Structure formats: C-alpha cells, structure tokens
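Trainee: next come a sequence and a model predicted from it.
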Number of protein chains: 2
Amino acid sequence: MSTRLPLGFRFAGVHCGIKRKPQNPDIALIVSDRPATAAGVYTQNRIYAAPVQVDRERTPNELTQAVVVNSGNANACTGERGLRDARQMCAIVAEACGLKQNSVLVMSTGIIGEHLPMKKINSGIRAAAAQLAADEASVVAAARGIMTTDKVHKLASRELAMAKAEIGLLGMAKGSGMIGPKMATMLGVIVTDAALDPATAQSMLCEIVDQTFNCISVEGHTSTNDTVLLLANGAAIAEPLSGQELNAFRTALLELSTELARSIPADGEGATHLITVTVRGCEDPSDARHIARAIANSPLVKTAVAGADPNWGRIVSAAGYAGVEFDPGRVALEINGCLLFDQGEPVKYDAEQVSNSIRGNVDTSVVLTVGTGQASIRFWTSDLTAEYVRINADYHT
Amino acid sequence: MSTRLPLGFRFAGVHCGIKRKPQNPDIALIVSDRPATAAGVYTQNRIYAAPVQVDRERTPNELTQAVVVNSGNANACTGERGLRDARQMCAIVAEACGLKQNSVLVMSTGIIGEHLPMKKINSGIRAAAAQLAADEASVVAAARGIMTTDKVHKLASRELAMAKAEIGLLGMAKGSGMIGPKMATMLGVIVTDAALDPATAQSMLCEIVDQTFNCISVEGHTSTNDTVLLLANGAAIAEPLSGQELNAFRTALLELSTELARSIPADGEGATHLITVTVRGCEDPSDARHIARAIANSPLVKTAVAGADPNWGRIVSAAGYAGVEFDPGRVALEINGCLLFDQGEPVKYDAEQVSNSIRGNVDTSVVLTVGTGQASIRFWTSDLTAEYVRINADYHT
C-alpha cells in the first residue's frame, strides 16, 4: 500500500466487543468530508442480509458521506428487527458525525441469524467517530475492523496523474470463508478522491466486479452479505472524470480490484495455495467462466493442489461436467508452465518436477485450452486442506 | 442381501494385480446363460472413458450375456489405445466364455490416464471365467471386484411373486470418490431373471436412475466413467413383463436402486454422516433438484454436519444461491425432526439437543420447505471431513 491516501476521507477501526479478543477491531468507519458518488454491487443470493437491503435502496447516489461496517455478526436472516438495526447503525453514524441518515451506507459480516448487539455497536460507532483520521494507521484499523477469519487485512491503492491534479484510489476487502462465485464477493470498499457521475460509477463497478470479485471462490458458497462499494468524493478533482482520464481511472480500478480479489482466496480458510485457473480458446466468455468455475470449485482439484499432485485427470474431467460443449480432442492443459495434456491425450512430462513446483510455490497456475475461440477468463481459488475442514467443522468448540 | 439369486446368472471376482493387495479382487465378471435385455445410463461428462463409449454403442439390446469390470484403472483419457483395450476386454470374455464379442459390456474404474495392464487383465478374465458360479460368495467377490476406495461392498436384492413364477433382482454398485450429480453415478449393475423388452428396460432405467443414482453426491465431481447397467435375462419368466407386473417390477427396481444409491454417499470418502436432504414445496421438480444439490454440495453445509453443528444459516443460504426463485419469507427448515427456521426467520430451539442428535447418529435428516408447491425431492450426500482431504491430497504418498 502506498502512503498517499485519497483526499477528503477519514478512517477508524475500533473494538466494541462483538469479537472476543480486545485487540481485534470489529467496527470500521469511513467518512468523506463532502458528499460522494456511491455505487454498489451486492450478493445475488435470494436470502440476503438486512444491510444489503438498505444499501441496495440507497445506491447509486451522489450524497454518500459514510460507510459503517461491523464484523462478527452478519445481521442476516434476522427479520424486521435486523432491518431496523441496520438502519439504526446508519442513524448512529449520522448523529455522531453530523450527517444525514440516508448519506450513510452499512455492511455486516460474521455469524448468521443472531440479532446485532446494538448497545455495543452504538458505543463502538461513537468511539470510531471520535477517532476518525486520515493516516495509514487508521486505514489499517478500519481494514482490520471488517475481518472475520481472515489472517491478514487486505488493502490496495493506486495513484493517477490527471491533467488538473493527482488522484488516489484506496480499496479494502475481506474474505475468507463463504466465498463463492456469482456475486460481488464478501465485503469490499473502494474510495477515490476523483469525481464520478453515479451512472458511470455504477456501470464501471459492475463491469469490473464481474472480472475480479466475481472471479474468485474459496468453497463456492455465495454469502448472504456480499457487497462491494465504490465512493468517489471529488476532493482531488471536482469535475466528474470523462474521456481518456475516465479510461485511465477504469484501468487503475481494474488493477486495484484484481489485487484485492486475488488476496481473498490467497487468504482463504486453511489455504496453502492460490490457484489461478486460466481457461482460453472458448467461443463465448460465459463458456470460459463456467469451465473455470467448475475447475475452481472441484474439491478433487483443490485437494490435489494441496497434495502437490499434478492431477490433470481431475482438472480435465471437471471441465467436462461444466455443461459447456467442446471437442475433447482439442483440449490442452499446463500446470505451472508444464504441458501435461495435449490434443485430448496425456503427454510425457516429469511428474516429480511439476509436483515439486506445486509444493515449493504458493501460486499454482492452471491453464486449460479447450479450442481455438477468442474468449478466455482468469479465475482465482484456494486449495482445500484439512485445516479448512477444521475451521468449518469445529469452530464452535 | 437375500440368498435367492436371479436365475441364469453366474458371478466371479478375482485379483489380477491391478490393485496392490492380493486379497482385493480387481476383476468382476457376470455372465448370463442366455441373451439378456440390457439397458445402460452413462456419465454426462463430455470427457468420457473408453468403456462408456463401447457400452453406449451397444445398449439397449436383447443379446447381452456378460459384463466385465476392472477396478484400479479407469481407462479414461487414454485415446485410441484405450478404446482398443476396452474392446479387447470384451473379446477376451467372449473367447473365454464362448460368447459373441458384441454380447459383452465393459466397465472400468480407478485412476485416470494410464493404459490398462492388458496382460494382467487377460489372465484375470480367464481366471474369473473359470470360477463363475451362482452362489453368494461369488456375488460378493464380484461386488468387491468393482470397489476402489469403498470401505464396504454394495449389494441389494428384491424378490417378487408374479403370476407365473417368482422373479429376483440383484444389484451391485461402487463409490466412493468423484461422486457428483448430473449422471448415472459411478458403477452399478442390476440383474434380473425377469424379461423386459429393450425400450421398456431403457426408459425405466433412465427414470429410476434420475430419482436414485442421480440424487447422490460425495463432492459433486461428475466422473468420466459413471455407468449403471440393467440386465434382464428372462430365466424365471420368458415373457416380457407388462401391466401390473411391470409396475410391481418398477417399484422393486426403484427400492433396490434407492438402497444402492444411498449406500454410496454413506460410504463416501472420509464420511461420518449420511445426509438426506429433502426439499419440498417447490413449484417444479427441477427447482427442488437445484436447491437440494446446492445444499448437498456446499462444503460449508457438509463440514457443519461433520462438526455436529445445526447451522441452519449455511443450509438456508445455500438454497438462496441455487438459482431458483422462492419467497424467503416462507422458508422453513428441520434438522433431525427439530424445527430451526420458520416463515423466513430462526425460531427458538435447543441447539445442544440438535447437536447431540447429529453427533449421535450416522443419518442426518435435513428437510427444507420453500413454499406451498407440490414438487419435492430427496437427495443423499456425505459430510466433509479432514479424512476426505487426506484421502484426496495425500493418496500418492
């Protein structure tokens, strides 16, 4: 992360007692000193959490000034009271920071089906409001305040020189379980001191999420709370970006989102490898996506990588059940740059060497070519280890 | 298993050296003393093994007299030579048993991508042909000869009194990894001494597989070799079944197939629970299937059951991403008969008691009601344990 923060934003992360350990922040607050354009992309799960409903109603808009997040409790499947609590979180922020209530967005992550401890959250938000600052320590505290089973906080930033001024982008995200495709995966907030009109911000965010946060999985279970927000406050340049400058911004936003998205499966529950699945030679982008997702979500593929096993049979057969038509006789597969399968048949390769390259590196590259079409995709996932099972089977004990 | 075997069939299982341990048979042979009607249902994976191709070409028919199976090597992704080897297995059976080559069907299961050790298989088939017998020990040897990582062999039988005579049905199947939906899961052979015309046998098998073998999963990875065969040789009643007797046969075939299908996830790799997912109240049977499959294949649901955690949030949210429209406010969920969620909200229940009932029983019942429609489905799956990961990550070492 670079040290240049987007202008006009302040950050805070505090512990209010939702999480057990006092050193782990569970409230994050981001405040813009002026109304910002806000765009949001949300879970496609039919069962969605209260904060998703609130933010859906409020985005896109041009008047957002704050985002409040709590971790440790997802406020999902909590009925009418959950919705009241989500709105109440916004109201507390508005009161503490002197803002309008509908200028606040809200996110929650953690366990499902329990009501929020509103007393703790109330004092947590007020403490966070008192600590808001525009320095790196506060940004890190906020990024830690949205974590659940994540081992590391996830931040990425970019700077861009525009004609009138320099602008900054800063993003934070969290994983690391219940990460599935078909969504805007889990929580992400990206802020910039550029200005964007709401329609541009929303369409750009949708497009970029589709290539980044929607191209990752841990176990493929789409959460009820997935949310990515983009806030553009115009503190560096008040005029909404357009033309070449908008294109440069889009490229920076894509890079930053890719970096954040990758960081989620890289820190997936129990993960020892980040697997990049590239599928190419498809007739249609959605074909490539279906095949990549089938490979990325196959427990047999994920355990093979965990075991440093260059098991091309599991990868090729996962492609075969993705529901996409292709000619098996044209399929080729490379793992970590080594060709294992070509023209639909296994080729001679040094299994020991490929296995060592998987074992010795955190990054594993799987490149499947299925034909001669122009469409391709990159999809990121984690491997499946006994530690993943331990985290998810024994977390209550 | 009952002791009454279908008439006119002989069985054998022998070890020929594909598997390492001499006490584990790796060749199974079933021979009918007269031509039988044969129907088959095969994997829907676009990458399919050589024996699937051979059997697809040969079924349905009225002239089948033998099925040969090898375990330890799937003869998948082995190109032209694989196809030659599969045909050669049929030819060896035909020669050893004095049959026509196209009256033999073939199945293989085991590792993908290696050529069959045809010398071993040749002597194995000849040894099996010499040992063919119509007794229970031979049936068990054959059922063991199709096993891979299965811990137990899987047999089921039924007897039916018809007007002219009694008929018998006998089925065998194997799991227990690479078990996914959308297919006729892994290997199954059902034989009966009733007679069936080929079109009836084929349509009945398709219909019943859809409710049984296509309603199970272990990790959801559809194999390249999935095959279920039905052989009806008419040794008990030569006239093809029809009318009420055909209906009674269909019911018995459904029961037998259900028993075999359930036995596969019950013996799933590393499994400690057999989870029966019932989804009801759907408008359409395919809606029920999609929801049940999403729940059954969610690693978060499967690890929760392994950890005896009545985690309704993971189950309800898995239903939510199945791609089916439903009203979240009507959803209800029971685990092991205890209501956890009703009218779209969690209800008060004794978590300790539900957890104990999961921990204390191998069978776990999950019943999700999503509305007031008439369509429902039962789907069986295994839980996900660290042992599953160990089996699939470390099997080479």
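Mentor: Here it is on my side, so go on.

Trainee: how far away from the center of its chain is stretch A:11-22?
Mentor: Computed by Cα atoms, centre = their mean, to the nearest Å, the chain-centroid distance of stretch A:11-22 equals 21 Å.

Trainee: I misspoke; the intended subject was stretch A:317-334.
Mentor: With Cα atoms, centre = their mean, you get 28 Å for stretch A:317-334.

Trainee: and it, end to end?
Mentor: Counting by Cα to Cα, to the nearest Å, you get 15 Å between the two ends of stretch A:317-334.

Trainee: tell me what the lowest-mean-pLDDT helix or strand in chain A is packed against?
Mentor: In chain A, no helix or strand scores lower on mean pLDDT, DSSP states H and E than strand A:216-217, which sits at a mean of 77. The helices and strands touching strand A:216-217, judged by 3 or more Cβ pairs under 8 Å, 6 or more residues apart in numbering or on different chains; DSSP states H and E, are helix A:243-266, strand A:375-382. Where you see a C-beta, it was placed from the backbone N, CA and C, and this is true even at glycine.

Trainee: could you check the angle the helix or strand following it makes with helix A:243-266?
Mentor: Scanning forward in sequence from strand A:216-217 by DSSP states H and E, the next helix or strand is strand A:227-232. Orientation of strand A:227-232 against helix A:243-266 (axes from the mean of the first three to the mean of the last three Cα atoms, to 10 degrees) gives an angle of 150 degrees.

Trainee: domains in chain A, by residue range?
Mentor: A:9-266, A:274-393 (automatic domain parsing).

Trainee: residue ranges with poor pLDDT in the stretch 201-350 of chain A?
Mentor: Along the stretch 201-350 of chain A, segments meeting pLDDT under 70 are nowhere present.

Trainee: chain B contacts on that one?
Mentor: By the rule Cβ under 8 Å from any Cβ of the partner chain, the part of the stretch 201-350 of chain A lying against chain B is A:219-224, A:298-300, A:303-304, A:306-307, A:309, A:312-314, A:316-321, A:324-326, A:328, A:331, A:341, A:344-346.

Trainee: just the buried residues out of those residues, in ChimeraX syntax.
Mentor: A single ChimeraX command is used to select the members of those judged buried by 16 or more other Cβ atoms under 10 Å in any protein chain shown:
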select /A:219,220,221,222,223,224,298,299,300,303,304,306,307,309,312,313,314,316,317,318,319,320,321,324,326,328,331,341,345,346
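
Trainee: among the residues of the stretch 201-350 of chain A next to chain B, name the ones in strands.
Mentor: With strands defined by DSSP state E, the entries of these inside them are A:341, A:345, A:346.

Trainee: sec struct for the residue lying farthest from the centre of chain A, please.
Mentor: For chain A, the largest distance from the centre (Cα atoms, centre = their mean) belongs to residue A:348, which lies 38.6 Å off. Classification of residue A:348 using DSSP: H, G, I helix; E, B strand; the rest coil returns coil.

Trainee: for residue A:331, what are its contacts?
Mentor: Taking Cβ atoms under 8 Å, 6 or more residues apart in numbering or on different chains, we find residue A:331 in contact with A:316, A:319, A:341, A:343, A:344, A:368, A:369, A:370, B:47.

Trainee: go again using 7 Å as the cut-off
Mentor: A:316, A:341, A:344, A:370 (Cβ atoms under 7 Å, 6 or more residues apart in numbering or on different chains).

Trainee: quick check: phi and psi at the nearest residue to the first one once chain neighbours are set aside.
Mentor: Right, the one you point to is residue A:316. Distances taken as Cβ to Cβ, 6 or more residues apart in numbering or on different chains place residue B:47 nearest to residue A:316, at 5.6 Å, with adjacent residues excluded. Residue B:47 has phi and psi values of phi -100, psi 100 when expressed as degrees, to the nearest 10.

Trainee: next, format the domains of chain A as TSV and append distance to residue B:335.
Mentor: Below are these laid out as TSV (distance: least, Cβ to Cβ, whole Å):
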stretch	distance to residue B:335
domain A:9-266	14
domain A:274-393	16
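
Trainee: to residue B:141, which of those lies closest?
Mentor: For these, proximity to residue B:141 was assessed by Cβ to Cβ; domain A:274-393 is nearest, at 28.2 Å.

Trainee: what is the end-to-end distance of that closest one?
Mentor: End-to-end distance of domain A:274-393 (Cα to Cα): 22 Å.

Trainee: could you pull out the helices in the stretch 151-300 of chain A for me?
Mentor: A:198-211, A:243-266, A:285-296, A:299-306 (DSSP state H, counting those that start in this stretch).

Trainee: most tightly surrounded among the ones you listed?
Mentor: Among the helices of the stretch 151-300 of chain A, helix A:299-306 has the highest mean neighbour count (mean count of other Cβ atoms under 10 Å in any protein chain shown), at a mean of 28.

Trainee: distance of residue A:364 relative to residue A:337?
Mentor: 11 Å (Cβ to Cβ, to the nearest Å).

Trainee: more neighbours, these two?
Mentor: Remark: of residue A:364 and residue A:337, residue A:364 carries more neighbours, 23 against 9, as counted by other Cβ atoms under 10 Å in any protein chain shown.

Trainee: on the three-state scheme, that one is what?
Mentor: Secondary structure assignment for residue A:364 (three-state DSSP): strand.

Trainee: could you give the bridge partners of it?
Mentor: Residue A:364 has these beta-bridge partners by DSSP bridges: residue A:275.

Trainee: now do the contacts for it.
Mentor: Contacts of residue A:364 by Cβ under 7 Å, 6+ apart are A:273, A:275, A:305, A:336, A:358.

Trainee: please report the distance of the residue lying closest to residue A:215 once chain neighbours are set aside from residue A:354.
Mentor: Ranked by Cβ to Cβ, 6+ apart and with sequence neighbours excluded, the top spatial neighbour of residue A:215 is residue A:379, at 4.7 Å. Counting by Cβ to Cβ, the gap from residue A:379 to residue A:354 is 21 Å.

Trainee: also residue A:348?
Mentor: 12 Å.

Trainee: could I get the helices of the stretch 151-300 of chain A in a markdown table, plus columns for distance to residue A:148?
Mentor: Below are those laid out as a markdown table (distance: least, Cβ to Cβ, whole Å):
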| stretch | distance to residue A:148 |
| --- | --- |
| helix A:198-211 | 20 |
| helix A:243-266 | 12 |
| helix A:285-296 | 21 |
| helix A:299-306 | 21 |
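
Trainee: residue A:355 in helix, strand or coil?
Mentor: helix.
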